[in-house]
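> After the sequence you'll find the predicted model.
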Amino acid sequence: EDSVQKKVIDTRSLKGEDLETLKKQDPFLYFSIPALRSATLLGREVDMSSLKGDRSSRRASCPSKIESAPSTKIERRSRISFECHTDLILEGCI
């Protein structure tokens, strides 16, 4: 049984300066927020209304039956990378 308590953040009350602080203090929690992660990957600005669970940012063509407000409670995720550092790859070539 996993006894580690996971960090959870509510994005409804976050402001721009809170996001900058979070990005520096806990990047894993920052990038656990789907809107922030996708904006970063796509090279776009963060849509603050999507952090507050605002439905107005969704496409109007989506049927209301399947449209639900995204959760504003985000659980911290972590990742393990198995990629080799460039120095290790080049070391084998030299």
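Yep, that arrived.

> Quick check: residue 77 touching residue 32?
Yes: Residue 77 lies in contact with residue 32 (CB atoms under 8 Å); the separation is 4.4 Å. Backbone N, C-alpha and C define where each C-beta goes, glycine included.

> do you know how far the residue nearest to the spatial centre of the chain is from residue 18?
The centroid of the chain falls nearest to residue 33 when counting by CA atoms, centre = their mean (2.6 Å). Taking CB to CB, to the nearest Å as the measure, residue 33 falls 11 Å from residue 18.

> try residue 90
40 Å.

> May I ask which helix or strand encompasses residue 30?
Element membership for residue 30 (DSSP states H and E) is helix 27-31.

> So which bits of that helix are buried?
For helix 27-31, the buried set under the neighbour-count rule, 16 or more other CB atoms under 10 Å, comprises 29, 30, 31.

> do stretch 31-50 as well
Result for stretch 31-50 [16+ other CB under 10 Å]: buried residues 31, 32, 33, 35, 36, 46, 50.
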